[in-house]
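dropping the sequence and predicted coords here.
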Amino acid sequence: MTIQDICASFEIGGKYVTCKELSTGIINSTYHVQYVRDGEEKNYIVQRINKSVFKNPTKLMENIVNVTDYVRENIKKKNLSTKRFVLRVFLTKDKKKPYFKDEKGEYWRVYRYISNSITYDVCDDVKVIESAGEAFGRFQNCLDGFDTKKLYVSIPNFHNTPVRYKKLRKIVKKDPYKRAKQVQKELDFVFKHEEMACQLQKLLDEGLIPLRVTHNDTKLNNVAIDKATGQALSVLDLDTVMPGAMAHDFGDSIRTVANTCLEDDPNTDNVHLDLNKYRAFCKGFLGEVKGNLTDLEKKTLNLGAFTITIELAVRFLTDYIQGDTYFKTKYPGQNLDRTRNQLKLASEMLEKKDQMDAILKEYIN
Ligand code: GN1
Ligand code: MG
């Protein structure tokens, strides 16, 4: 089946023109599809859901429909455009389902492409970063009140850092490709900081910080940015909207917006935590959510940045040792490059902790 055939199963009007594969995500396969209707160009995002990561695509899609419906109602209340500030899921023509299952058993979905928008993997414009912070904060606000019990947990223990460490220990013991010895330095670093990296999960387990509805994949390239104005529009990629800590979302954003380079830049000399970018994100994000945070939650935000950065290093390292089976890679050793990059960033977060705390304080009260 071609992408054109897949599109034909969905309720999208007009005629298929062209399709291009996008390479930003490292889990699902994503295509930008162009249609034309009444002489007007229409754009869609078509995705094949990675079934080995998302075990139940049907439930995943039901969850996304529930979440987007809820967010849409709140976007309306804010008098913002529902076409640009929230994702729209298209249904299939015959069964009216938010996914299509092809003859090979693969699941496909179609979203509206947010018009005149782009995404950034790295961005040097602090105004865009501030606006991205606002968008992620607004997403949080729009989900406030959504019943966590109604959420489908698409990947159990996704940000459960102690469980991520356990998996790493297990694979190091097995060491199927004899790679562990070569990464001793990286292993030493992550295990040295294990206690601190697992603190946030402990606070959640003890009920000391609230379990909220969080996005859980708040990297910079998961928000659509208006090409002309630089304003952040809809938050994208809703596969991991699950119960979680506010500090996870804040942290995953900081990990990407404040890094001076791509997360897989193999030259760690390029990796720095940019405090101006950090500040810009704090300004946008906290401007939206600070009124809703508990005192202890406020104190966990920077811990969240460190936690998510180390956790991702643990995940990349685990994948490297197990033979690169989870994250898509373009060359051998890419997961190791990603690991080293994240570890450098985490160590800069430790060095700059006092400066980060001081900046956070300016925007949190
Ligand atoms: C994966 O595929 P993508 O880029 O949306 C991963 C995230 C990581 C990210 C790192 C379901 O997201 O947790 O932060 O790669 N998503 C999943 O680039 O594992
Ligand atoms: Mg994703």
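Alright, I've got the coordinates. Ligands and ions are numbered 1, 2, ... in the order given.

residue numbers of the protein in contact with ligand 2?
When proximity is defined by C-beta under 5 Å from the ion, the chain lies next to ligand 2 at Asp217, Asp237. No exception for glycine: its C-beta is placed from N, CA and C like everyone else's.

how about a cut-off of 6 Å?
For the chain, the contact set with ligand 2 under C-beta under 6 Å from the ion comprises Gly25, Ile27, Asp217, Asp237, Asp239.

can you redo those residues as a markdown table with pLDDT and secondary structure?
Below are the residues of the chain next to ligand 2 laid out as a markdown table (pLDDT from 0 to 100; DSSP: H, G, I helix; E, B strand; the rest coil):
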| residue | pLDDT | secondary structure |
| --- | --- | --- |
| Gly25 | 84 | coil |
| Ile27 | 91 | coil |
| Asp217 | 98 | coil |
| Asp237 | 95 | coil |
| Asp239 | 97 | coil |
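
out of those, which touch ligand 1?
Applying C-beta under 6 Å from any ligand atom, the subset of those adjacent to ligand 1 comprises Gly25, Ile27, Asp217, Asp237, Asp239.

once you drop chain neighbours, what's closest to the first one?
If I follow you right, that is Gly25. Nearest non-adjacent residue to Gly25, counting by C-beta to C-beta, 6 or more residues apart in numbering: Asp237, 7.2 Å away.

do the same with the third one
The shortest distance from Asp217 to any non-neighbouring residue, by C-beta to C-beta, 6+ apart, is to Thr240 (4.9 Å).

pLDDT value on the one you found, please?
pLDDT recorded at Thr240 is 97.

Cys19 too?
Predicted confidence (pLDDT) for Cys19: 97.

partners of whatever helix or strand it lives in in the sheet?
Here Cys19 sits within strand 15-22, counting by DSSP states H and E. Strand 15-22 sits in its sheet next to strand 29-37 (antiparallel), going by DSSP bridges.

would you mind listing the buried residues in the partner strand?
Of the residues in strand 29-37, Ser29, Thr30, Tyr31, Val33, Gln34, Tyr35 count as buried by neighbour count, 16 or more other C-beta atoms under 10 Å.

how is the chain carved up into domains?
Taking automatic domain parsing as the reference, the chain has its domains at 3-115, 126-364.

quickly compare those domains and say which is most buried.
By mean neighbour count, with neighbours taken as mean count of other C-beta atoms under 10 Å, domain 126-364 ranks first of those at a mean of 19.

ok now that domain, how far from the chain's centre?
Centroid separation between domain 126-364 and its chain, computed with C-alpha atoms, centre = their mean, to the nearest Å, is 8 Å.

compute the number of surrounding residues for Thr2.
For Thr2, the count of nearby residues is 9 (other C-beta atoms under 10 Å).

that older thread, of the residues of the chain next to ligand 2, closest to Gln182?
Of all the residues of the chain next to ligand 2, Gln182 sits closest to Ile27, with 25.8 Å by C-beta to C-beta.

how about that closest one: what's its closest non-neighbour residue?
Asn50 (4.9 Å).

just Tyr113 next, same as before
Setting aside the residues directly before and after it, Tyr113 is nearest to Asn43 in space (C-beta to C-beta, 6+ apart), at 3.6 Å.

look at Arg279 and report its pLDDT.
On pLDDT, Arg279 comes in at 98.

just the CA coordinates for the helix or strand containing it, please, in CSV.
Using DSSP H and E, Arg279 sits within helix 275-289. The C-alpha coordinates for helix 275-289 follow below in CSV (Å, rounded to 0.1, in the frame of the first residue of the first chain):
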residue,chain,number,x,y,z
LEU,A,275,21.5,30.3,30.4
ASN,A,276,19.9,33.0,28.2
LYS,A,277,17.9,30.3,26.4
TYR,A,278,17.1,28.7,29.8
ARG,A,279,15.9,32.1,31.0
ALA,A,280,13.7,32.6,28.0
PHE,A,281,12.0,29.2,28.4
CYS,A,282,11.4,29.9,32.2
LYS,A,283,9.8,33.2,31.4
GLY,A,284,7.3,31.7,28.9
PHE,A,285,6.5,28.5,30.7
LEU,A,286,6.3,29.8,34.2
GLY,A,287,4.3,32.8,33.1
GLU,A,288,1.6,30.2,32.2
VAL,A,289,1.8,27.7,35.0
